[in-house]
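[1] Pasted the sequence and its predicted model underneath.
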Amino acid sequence: MAVLGPNRYGKAETRVVRVTRHGDAHRIKDLTVSTALAGDLAEVHLSGDNSAVLPTDSQKNTIFAFAKRHGVGAIEDFALLLARHFVDSQPAIHHARVAVEEHAWERNGAFGHSFVRSGREVRTCVAHHDGTGSWVVSGLRDLVVLNTTDSEFRGFAKDEYTTLPETSDRVLATAVDVSWRHADVSRDGSPDVSPDWDKAYEKARAALLTAFADTYSLSLQQTLYAMGTRVLAECPGICEVRLSLPNRHHFLVDLAPFGLPNDGEVFFAADRPYGLIEGTVLREDAPDAGPAWE
Ligand SMILES: O=c1[nH]c(=O)c2[nH]c(=O)[nH]c2[nH]1
């Protein structure tokens, strides 16, 4: 006998670009938005009764209409607006998850209307709303960083398959993929708190970059912990940080066959396989995460 387990549905990866025009000085927000709704959705699965199903096409249209009607500021505000709208307007929907990614653009010179896609990281957020409270996780991915020194990897466990030489000076590089949980978003009965999302983002990003640069690294694991700790120290509204750091290995090339010393100057930047170091750093008194990470 089969039973229906957890389920949700929505429109994945709606691409929306919102232009704001102040005379000749234009602004753009370039987003990828994914919605996922859950609630009284047994019948559509069990009997094909669609009466509780707001089409994913309507969800996509809502994204475009809200971009026009409300504009797009911090992506967290846009995600919360959508999540609350679906729960508040659809009787069958009790939980909405809205994920937003922001692709950065920079001005192309002095032209007010012309932009260059920025090489910056992608800013991310996921907002949940269930009618009693909201939860927000923000973050970024593809923030590529590299240190040319101050990184060792020694004293590791060895077995009969270990060939990796110990090193007391190596290149350390990674593409930071990180999410942080905001403690101070509205909950059942609490006032509606809305952090300054942009400020939190800039502070968390700066903390990650500084910790990566100024930590003398004995391993990428140790650097990960230092980065998470620094975000918590700099950002009081953040209670949990989850990091995923691919170790972008840079191997010294053996130049001896060419009669050349290497002197720690020429590296083979391998793209795969790569070590993947993942970890969470959280405050001891972090509030319950609820559905924040789902
Ligand atoms: O910082 C590192 N951590 C590891 O766990 C590891 N494993 C490895 O081969 N190189 C590295 N580097």
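    Okay, I see it.
[2] Check which residues of stretch 102-120 are buried.
    Within stretch 102-120, the residues scored as buried using 16 or more other Cβ atoms under 10 Å are 102-105, 115. (Glycine included, C-beta is placed from N, CA and C.)
[3] near the ligand, which residues of this protein show up?
    Residues of the chain lying close to the ligand (Cβ under 6 Å from any ligand atom) are 153, 164, 219-221, 247, 275.
[4] Was I right to think residue 247 contacts residue 171?
    No. With contacts counted by Cβ atoms under 8 Å, residue 247 stays clear of residue 171, the gap being 10.5 Å.
[5] Need the buried ones from the residues of the chain next to the ligand selected in ChimeraX.
    Provided next is the ChimeraX selection string for whichever of those are buried by 16+ other Cβ under 10 Å:
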select :153,219,220,247
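[6] Among the residues of the chain next to the ligand, which lie within strands?
    If you go by DSSP state E, the residues of the chain next to the ligand have 247, 275 in strands.
[7] Rebuild the residues of the chain next to the ligand as JSON lines, extending it with pLDDT.
    Output for the residues of the chain next to the ligand, formatted as JSON lines (pLDDT from 0 to 100):
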{"residue": "153", "pLDDT": "98"}
{"residue": "164", "pLDDT": "97"}
{"residue": "219", "pLDDT": "98"}
{"residue": "220", "pLDDT": "98"}
{"residue": "221", "pLDDT": "98"}
{"residue": "247", "pLDDT": "98"}
{"residue": "275", "pLDDT": "98"}
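[8] Tell me which entries of the residues of the chain next to the ligand lie within helices.
    Counting by DSSP state H, the residues of the chain next to the ligand place 220-221 in helices.
[9] Quick check: the farthest pair among the residues of the chain next to the ligand?
    164 and 221 (15.2 Å; Cβ to Cβ).
[10] what sits against the residue in the stretch 51-200 of the chain that the ligand sits nearest to?
    In the stretch 51-200 of the chain, the residue that lies nearest the ligand is residue 153 (4.4 Å; Cβ to the nearest ligand atom). Residue 153 sits next to 164, 166-167, 170, 218-219 when contact means Cβ atoms under 8 Å, 6 or more residues apart in numbering.
[11] now, among those, which is nearest to residue 53?
    residue 219 (49.2 Å).
[12] Tell me where the chain has helices.
    Secondary structure of the chain (DSSP H): helices located at 42-46, 56-70, 75-89, 197-214, 220-234.
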